[in-house]
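*Asks:* coordinates only, sequence not included:
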Ligand SMILES: [Zn+2]
């Protein structure tokens, strides 16, 4: 059942909206209110896109031509927004029953804020590389049909690994991709790598507390399936650190039932690779290949 409405609004004052459940006249506008249950929509005399968190002015990530966010609307419903061009944003409200029609990918840009991560010799921080890549792979994933994106961070904020796991558990996405760049004490190691959860190492007490309300075990089969699909796609195209997925006892990969992997884009400690990771067109190409591998694996399932 589609209890959805479709609405395109013009950023400056004007609003046109055709809907089966909401009809707003041209001098009204749409405001999204935050409540204890998430967000809800109401007609109002003022409109500010800044009230939609993901469209706040400092959120450069959704400043792209085609972006989409997923927010819950009251209980059981959700809204989907898509920037059509510089002046139009499409918002649709959907029933929970439609959620399965979408493939929701949660992108976790590693580090951020007070935690810069690794540092290259040229002065580039890992936290910036990871956010750059998350922006680029957002564009690449949204080129595929039926994709919804969620994020742990879309700007330079500090998040602990437990904050990230909590966001993942609350969001219950279909796939988690955590993005990092590697560093070594030697300047020799290089190459792209993928990690899935090491199941043999037990979780910390803090993780166990977060995981308590959730049933099930980490989805090792699908996590490895996605990881292998990416490695296969990148083989002979970019330098790989290893041609198999590696395992590590990482907190962000522990969500029960949700395929989760961590990408190491390359080594910032290797001067040549740091140069590559600073190159947006390299990151863009990498993001297109990774997105392609993910979507192929998703639709093949
Ligand atoms: Zn890292």
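*Replies:* Nice, I can see it. The structure presented is a predicted model; accordingly, all values stated were derived computationally and were not measured. Numbering: from 1, shown residues only.
*Asks:* Quick check: chain neighbours aside, which residue is closest to the residue of the stretch 151-300 of the chain found nearest the ion?
*Replies:* Here the stretch 151-300 of the chain gets closest to the ion at one residue, residue 180, 3.4 Å apart by Cβ to the ion. C-beta: built from backbone N, CA, C; applies to glycine. Excluding its sequence neighbours, the residue lying closest to residue 180 (Cβ to Cβ, 6 or more residues apart in numbering) is residue 110, at 4.0 Å.
*Asks:* And residue 113, by the same measure?
*Replies:* residue 158 (2.9 Å).
*Asks:* Please list the residues of the stretch 101-250 of the chain that sit near the ion.
*Replies:* Within the stretch 101-250 of the chain, the residues that sit near the ion (Cβ under 5 Å from the ion) are 110, 117, 180.
*Asks:* Can you report phi and psi for the second one?
*Replies:* Summarising the backbone geometry of residue 117 under the convention degrees, to the nearest 10, its torsions are phi 80, psi -150.
*Asks:* isn't it right next to residue 124, touching?
*Replies:* No: using Cβ atoms under 8 Å, residue 117 is not in contact with residue 124, being 10.2 Å away.
*Asks:* Does residue 284 touch residue 136 like I think?
*Replies:* Yes: judged on Cβ under 8 Å, residue 284 makes contact with residue 136 at a distance of 5.1 Å.
*Asks:* three-state assignment of the residue of the stretch 151-300 of the chain closest to the ion?
*Replies:* strand (DSSP: H, G, I helix; E, B strand; the rest coil).
*Asks:* give me the beta-bridge partners of it?
*Replies:* Legend: beta-bridge partners of residue 180 under DSSP bridges are residue 264.
*Asks:* Near it, how many other residues are there?
*Replies:* 26 (other Cβ atoms under 10 Å).
*Asks:* Can you give me the distance of it to residue 267?
*Replies:* Using Cβ to Cβ, to the nearest Å, residue 180 is found at 11 Å from residue 267.
*Asks:* Please apply the same query to residue 168.
*Replies:* 26 Å.
*Asks:* quick one: which of the two has more around it?
*Replies:* Counted by other Cβ under 10 Å, residue 168 and residue 267 do not tie: residue 267 has more neighbours, with 28 against 24.
*Asks:* which outside residues touch the strand or helix carrying residue 169?
*Replies:* Using DSSP states H and E, residue 169 sits in helix 161-171. Contact partners of helix 161-171, identified using Cβ atoms under 8 Å, 6 or more residues apart in numbering, comprise 104, 106, 108, 150, 152, 159, 176, 178, 206-207, 210-211, 214, 250-252, 254-255, 258, 260.
*Asks:* Which PyMOL command selects the buried ones in those?
*Replies:* Applying 16 or more other Cβ atoms under 10 Å to the contacts of helix 161-171, the buried members can be selected in PyMOL as follows:
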select buried, resi 104+106+108+150+152+159+176+178+207+210+211+250+251+252+254+255+258+260
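*Asks:* Out of the contacts of helix 161-171, which sit inside helices?
*Replies:* For the contacts of helix 161-171, membership in helices holds for 206-207, 210-211, with DSSP state H as the criterion.
*Asks:* As a markdown table, the residues you listed with pLDDT would be great.
*Replies:* A markdown table is the format used below for those (pLDDT from 0 to 100):
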| residue | pLDDT |
| --- | --- |
| 206 | 94 |
| 207 | 95 |
| 210 | 95 |
| 211 | 95 |
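*Asks:* Let me know the closest of those to residue 273.
*Replies:* Within the ones in helices among the contacts of helix 161-171, distances to residue 273 taken as Cβ to Cβ reach their minimum at residue 207, with 31.2 Å.
*Asks:* Next up, the contacts around the closest one.
*Replies:* Counted by Cβ under 8 Å, 6+ apart, residue 207 has contacts 162, 165, 251, 254.
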